[in-house]
Each structure stands twice: as C-alpha cells, then as structure tokens.
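Engineer: got a structure for you, letters missing:
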C-alpha cells in the first residue's frame, strides 16, 4: 500500500503514527550494550553517532600531576583536621578548607585551625552578650536596677508601651522658690495632726494636695472644679526645711493633669502651706502608681479651698 | 582516529577500568584509611578521570571545586567505607552527586559569574581533519550537557561512572525502572540530534562502510 492508497483508505502516513518505522526504537538489551561500550559499527544505524559520542566519553584521559598533588594535599588536610565539629558539619567550608589546605600545602605550611578558634570566640562573645541582655531585662522587669538606670529604662520603655516598675525613690527636685503646682494661694494651713511643721502627707494624714504629682506620675484628676486653668502661685521660698524633702511619688503612671499641675515632679504638698514652711514633701503614694490626688493644694490640711478633691497621697514610707 | 580505533580504545581502556593497583583493592582502601598517601594516590588515579567527567556534565559551572570537596569528603570518611571496588566507585559518585547538589544550592544564592574556561574549538579545523582526543571528549561532554539534567545525570553515571542500573538507581535515589526510562529517553534525544553531534558523521559512516 503506497501513500496514495493509504490516504484513500483514511489512514495517516505520519511517521510517528506508523508502526514498525521508528528507527530510534531501542530494546533494553541494546540500551545496555550501548551504555556498556557497544562499537559504533555494531550499533543500530540511527545510534552510530551516539555510540561514537559515548566512546569518547569513556576514553581514558590524562592524569595531571598537579591535580594529584592537590588531591594529596587534600588528603593530608582531611587526615589532620578531622574533628567532632567537622563531623557535624561536613559540608560547610569544605571548599575553602580544601583550597586553603591546598594553598598551604603548596606553600609548605602546616594546616592550622585559625578559623575554628575565631568561630569559637564569636560564639562565646554572643553567648555572653545574650546573657547580659537577659539579666538586665530581668532586673528591669523586677525593678532591681539602680534608681537612675531603672528610671531611664522606665522612661524609655514606657514610650514603646512597656511598663516597668519605677525606681523606689526619686530625688526631690530642689525648691526654687516657685510653686510648681498650680494651687491658688491658700491660707496658711494649720499644722498637720502629726508632727508640727510637717504636712499631712508627711505625717500620714490624708493628703489631698498635689503631693504625689510628679512629671511622670499618672494623675487622674477627679475634681471637676479643677479643670479650669489655675494660675500658678508665687509662694515664698523660705528655704530648706528640716524634714522637708518631699518626694512626690511618681506612681509610675502618666500625668493627665495640666502641665502646671504635674510638671516638675515633686509637687510638694506643703510649699509654704503646711506649717508655713515650704518644700515639705508629702510622698504622696498613690495607689497603683497613679497619683490620684484629686485636689489641688489641699495638702496636709493646709490645702486651700481651691477645689475639693480626694487625693490619696500618703506620707513617706 | 578512526571509529574502529576509537571503539577499540573504548573497549580496552574504559574511563574507569577494573582495579589494577599493585595491592588488592580492599587492602589499598584500608591503607588509605590509615593515612597512607600512596594508597590514596592510587585510588585517586583510578577514579579521578571518571569523577571529573561526571562533574563536568552535572556541575559544569564549578566542577573543579566540587571535585575538591568530593575528594576531601572521601579522604575524611574513608574509614567508614566497606565494600569492593564497584561499591567504592558508587560510593564516591554518590558523594559527588551530593556535593553537586550542595554546590548548586550555593550557586543559587550567589550572584552568577561568567567563567571563561571553555576551550574555543572553532579554529581546530573542520570535521574532516583529525582532532585530538581532548577536543572529542570536550565535545562529547558538551553534547551530554544539552540533555535534560535527569537524563544527563543517568547517562553520565552509567557511561562515565560505569555504574549498573541498580547502582545508578541507588545513587540517584530512583527506581531501576525510572533509571531505564531515563536511559532510553537520553539516548533517543542524542540520536534525534545526531546531525548536530560534534563528532563527524563522516567518520561514523566511514566506519560502517
């Protein structure tokens, strides 16, 4: 049947669809013989050139003396440098070691291990740094750092939302003759029930003044009457007063009051109001670190009538 | 070189002939494992040509470095090897394959560079002139590299490495059937592109006349 007859009978003449005409068909035995080195003359006609190519692949090649010397250098390096670490990481740095070993062999140098020593030093340094950071973090979280460091950590980390306990005591801001709290002029307050000359905050009496308000303190003011701006009062600065180291308690929070009420920290409850002596600080310990002193200037009974409040300042510890 | 002589050479001296060292193979391996450099050199001379050709097929971009890594690994792990010469050949080529994979991963992570290492054969003369064996080998390796990687890998291990189907399957972590299929397809690809094979058809045809 020729091609014309095939077409007339609806048969295709495409080579790929005809049986028995695939010159490239191979059986497994011929494949094995070709791969094992079948002579091109004995190969199927379509595979004669393939056989020649495979024969070229199998042809013996020259062995270079330089390559052999490099291989022996590698052998010596491997023999000398087998360690437990290399067993765990057999692939890492093999090329560099091999090149280095071959270079050292060519240079007549012994194979050293500076890389291993450097790596061990780096690991030890990283471990020490990690331990230091962990210990510092733990100390900061528990408030065990020195006061300046704790304050710095508290201030910095509070910006990013991490609240650390404040340092237990902050040094009082020295009185500068100006009232730092916006309490209106208050009449001379009677002495606190405790020690004379001390404000109630110091003596333990309920303090409703600004005691406890410091710059970092969180001040929830509950006094609606105090929302209006209150002019600062120029108070006499009689100088330092014994026992007048009023520490405004930070509370570890944030002051929501007006700047005049909270600025400067150490808003001493007295300052010319309690016992006529300024700068007697009530360490207004506010619960939860939030100086919820509601009143302004009503500290120690010397509070003025500025505004009723319900501060929770407490005396010094 | 005629086809007959080339074929005879291929039959008589394969790239990886049988072990012909002065000492029996296993004694040589044991001596090399103990640190004997002469024994290691004998092993190296026996297998290095086929190793480098295999690596030129599967890792042509960095085959020299990979070969160094392979021999370093062989030298380090010689003490753990047990077996005869065929097993040792398969073991070394399996290490070569693993190092090739490692090298390919490293190469994928770094910026590629162009190495000018290939020999320019354009001026070697036309196909009718005798060519050196080195050029023929380079051309044959280049032809093998044109195949899909899996087929080139299988053919290289079978032809250059001299591994059997079972050994090739074990080295490649494939089934023997898959290895046979890849051999078929690789040879067929080579035959389909026979017109572009670098070895002159006139020589192959002349051998048949």
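Structural biologist: Received the coordinates, thanks. This structure is a prediction, so every number in the text was calculated from the model and none was measured. Numbering: from 1, shown residues only, chains lettered A, B, ... in the order given.

Engineer: Quick check: which ranges of the chain have low pLDDT?
Structural biologist: Went with chain A since none was named. A:1-21, A:82-117, A:168-317 (pLDDT under 70).

Engineer: hm, I was asking about chain B
Structural biologist: B:1-17, B:111-135, B:195-209.

Engineer: roughly how far apart are the residue most central in space within it and chain A?
Structural biologist: With distances taken as Cα atoms, centre = their mean, residue B:54 lies nearest the centre of chain B, 2.7 Å away. Taking Cβ to the nearest Cβ, to the nearest Å as the measure, residue B:54 falls 10 Å from chain A. No exception for glycine: its C-beta is placed from N, CA and C like everyone else's.

Engineer: State the helix or strand in which that residue lies.
Structural biologist: Residue B:54 is located in helix B:37-58, with elements delineated by DSSP states H and E.

Engineer: The following helix or strand past that helix - contacts with which helices or strands?
Structural biologist: On the C-terminal side of helix B:37-58, the nearest following helix or strand under DSSP H and E is helix B:63-77. Secondary-structure packing of helix B:63-77 (3 or more Cβ pairs under 8 Å, 6 or more residues apart in numbering or on different chains; DSSP states H and E): helix A:65-80, helix A:94-107, helix B:37-58, helix B:85-109.

Engineer: Just want the angle from helix B:63-77 to helix B:85-109.
Structural biologist: Inter-element angle recorded for helix B:63-77 and helix B:85-109: 130 degrees (by axes from the mean of the first three to the mean of the last three Cα atoms, to 10 degrees).

Engineer: ok, how many other residues are close to residue A:43?
Structural biologist: 25 (other Cβ atoms under 10 Å in any protein chain shown).

Engineer: my guess is it meets residue A:51, correct?
Structural biologist: Yes - at 4.0 Å, residue A:43 and residue A:51 qualify as touching, with contact defined as Cβ atoms under 8 Å.

Engineer: Identify the contacts common to these two.
Structural biologist: residue A:34 (Cβ atoms under 8 Å, 6 or more residues apart in numbering or on different chains).

Engineer: Could you chop chain A up by domain?
Structural biologist: Per the record, chain A has its domains at A:3-58, A:65-110, A:163-223+A:232-317, by automatic domain parsing.

Engineer: ok, residue B:32 - contacts?
Structural biologist: A:75, B:39, B:40, B:43, B:75, B:78.

Engineer: same thing but at 6 Å, please
Structural biologist: Applying Cβ atoms under 6 Å, 6 or more residues apart in numbering or on different chains, we find residue B:32 in contact with B:39, B:40, B:43, B:78.

Engineer: what do you get for residue B:191?
Structural biologist: Applying Cβ under 6 Å, 6+ apart, the residues near residue B:191 are A:24, A:46, A:47, A:50.

Engineer: how about the strands in the stretch 1-150 of chain A?
Structural biologist: Counting by DSSP state E, counting those that start in this stretch, the stretch 1-150 of chain A has no strands at all.

Engineer: residues from it in reach of chain B?
Structural biologist: A:24, A:31, A:35, A:37, A:39-41, A:46-50, A:52-61, A:63, A:71-72, A:74-75, A:78-79, A:82, A:91, A:94-95, A:98 (Cβ under 6 Å from any Cβ of the partner chain).

Engineer: just the buried members of those?
Structural biologist: By neighbour count, with 16 or more other Cβ atoms under 10 Å in any protein chain shown, those hold A:24, A:31, A:35, A:37, A:39-40, A:46-50, A:52-60, A:71-72, A:74-75, A:78-79, A:91, A:94-95, A:98 as buried.

Engineer: circling back to that earlier point, for the contacts of residue B:191, work out which two are farthest apart.
Structural biologist: Maximum pairwise distance among the contacts of residue B:191 (Cβ to Cβ): 9.9 Å, between A:24 and A:50.

Engineer: just to revisit the earlier point, can you tell me which of the helices and strands packed on helix B:63-77 is most buried?
Structural biologist: helix B:37-58 (a mean of 23; mean count of other Cβ atoms under 10 Å in any protein chain shown).

Engineer: Please spell out which residues along the one helix or strand residue B:181 maps to are buried.
Structural biologist: Applying DSSP H and E as the criterion places residue B:181 in helix B:176-192. Buried residues in helix B:176-192, counted by 16+ other Cβ under 10 Å: B:179, B:180, B:182, B:183, B:184, B:185, B:186, B:187, B:188, B:189, B:190, B:191.

Engineer: same check, this time on stretch A:155-169
Structural biologist: A:158, A:164, A:165, A:166, A:167.

Engineer: one step back: quick check: which of the helices and strands packed on helix B:63-77 is nearest to residue A:136?
Structural biologist: Among the helices and strands packed on helix B:63-77, the nearest to residue A:136 by Cβ to Cβ is helix B:85-109 (36.1 Å).

Engineer: what is the orientation angle of the closest one with helix B:37-58?
Structural biologist: Going by the same axes, to 10 degrees, helix B:85-109 makes 50 degrees with helix B:37-58.

Engineer: returning to what we had before: now the helix holding residue B:54 against helix A:65-80, angle please.
Structural biologist: Calculated by the same axes, to 10 degrees, helix B:37-58 forms an angle of 110 degrees with helix A:65-80.
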